[in-house]
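# Only the shape, not the letters, is given here:
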């Protein structure tokens, strides 16, 4: 049965046996999880900023407070994209626009 | 974490939990100010030393970040960081954080946005202000306009996302702990320490810092 049918047709047929709302819920959950992949970027960016900050403190320990302040500011700006991903995930989970 | 509850209506506007908690925090800040500045002397007592330290630290931060010529912004920045510090740590005294509501953070971010535009216009003049949109190249005008409009969005969403994310993780943790047979009283403490105190104070510092940077960048 699966062998001669198109895989997309099979998938649509498979999904067709469920209630529409349930399919939307399931895909919203998958979408929310996928949206949180956005957390990878800020993780790399903040780690890079922290590494450079540690390097700078090692070179010039006397200006440590300035370096930490600048680093925190840069890390916060780098965090923005991750927060956007979180907002998308939260909207999909708690205020889903597709459910009406 | 649930959304803010609606308690009633006043002149057709809903009174939400955010609004009530903001009032509580305003009262708390006023009480703290009244305690710290009571009976001020030429020779400071303990409370007055704390108050003077807070004001001096903030003055130095503003002088370093914005420059000595923009010291008149220091009172606003101190008020902003005080409100945010109390609002972001509201989780530890059992209130729902007002900043975990987009209405509050968008209001604060719009204040920053209009300050940026107004003081940029005032210090540069109309010609200089409009010319700022055509730099470095005139065809970048749409990018510059989008960049200006993205500032309040990113400011408000950063604060909102951090606070709401922390609140949701705390709510999930508490619902997970509720399933245990004994009451685990020590487990939430480090999480409260990180999500409420560390993250909350860091975010309030960052919001104030970015406000200072945006305003001083728009002015010179």
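Thanks, I have it. Just so you know, these numbers come straight off a predicted model, no measurement behind them.

# Name the nearest residue to the one residue in chain A that gets nearest to chain B, sequence neighbours excluded.
When distances are taken as CB to the nearest CB, chain A reaches nearest to chain B at residue A:83, 3.6 Å away. No exception for glycine: its C-beta is placed from N, CA and C like everyone else's. Among residues not flanking residue A:83 along the chain, residue B:161 sits closest, at 3.6 Å (CB to CB, 6 or more residues apart in numbering or on different chains).

# so where does the one you found fall, helix or strand?
Applying DSSP states H and E as the criterion places residue B:161 in helix B:141-177.

# list the buried ones in that helix?
B:148, B:151-152, B:154-168, B:170, B:173 (16 or more other CB atoms under 10 Å in any protein chain shown).

# likewise stretch B:53-73?
Here stretch B:53-73 shows B:58, B:61-62, B:65-66, B:70, B:73 as buried, counting by 16+ other CB under 10 Å.

# Can you give me the distance of residue B:131 to residue A:53?
Distance, residue B:131 to residue A:53, using CB to CB, to the nearest Å: 35 Å.

# And residue B:29, by the same measure?
Between residue B:29 and residue A:53 the distance is 32 Å, computed by CB to CB.

# And for residue A:19?
From residue A:19 to residue A:53 the distance is 52 Å (CB to CB).

# Touching, residue B:18 and residue B:4? I think so.
Yes - if you go by CB atoms under 8 Å, residue B:18 and residue B:4 touch, sitting 4.7 Å apart.

# what's the overlap in contacts for these two?
Listed as contacting both residue B:18 and residue B:4 by CB atoms under 8 Å, 6 or more residues apart in numbering or on different chains are B:96, B:101.

# quick one: which of the two has more around it?
residue B:18 (22 against 19; other CB atoms under 10 Å in any protein chain shown).

# Once you drop chain neighbours, what's closest to the more buried one?
residue B:101 is the one closest to residue B:18 (CB to CB, 6+ apart), at 4.2 Å.

# Where does residue B:50 sit, in terms of helix or strand?
Here residue B:50 is assigned to helix B:46-66, by DSSP H and E.

# elements contacting that helix?
Judged by 3 or more CB pairs under 8 Å, 6 or more residues apart in numbering or on different chains; DSSP states H and E, helix B:46-66 is in contact with helix B:17-36, helix B:74-88, helix B:199-219.

# Try it again at 10 Å.
helix A:64-94, helix B:17-36, helix B:74-88, helix B:199-219 (3 or more CB pairs under 10 Å, 6 or more residues apart in numbering or on different chains; DSSP states H and E).

# Kindly calculate the angle that it makes with helix B:199-219.
Taking axes from the mean of the first three to the mean of the last three CA atoms, to 10 degrees, one finds helix B:46-66 and helix B:199-219 inclined to each other by 50 degrees.

# Identify the residues contacting the residue nearest to residue A:96 when sequence neighbours are not counted.
In space, and not counting its chain neighbours, residue A:96 is closest to residue A:28: 5.4 Å by CB to CB, 6+ apart. Residues near residue A:28 by CB atoms under 10 Å, 6 or more residues apart in numbering or on different chains: A:89, A:91-93, A:96-99.
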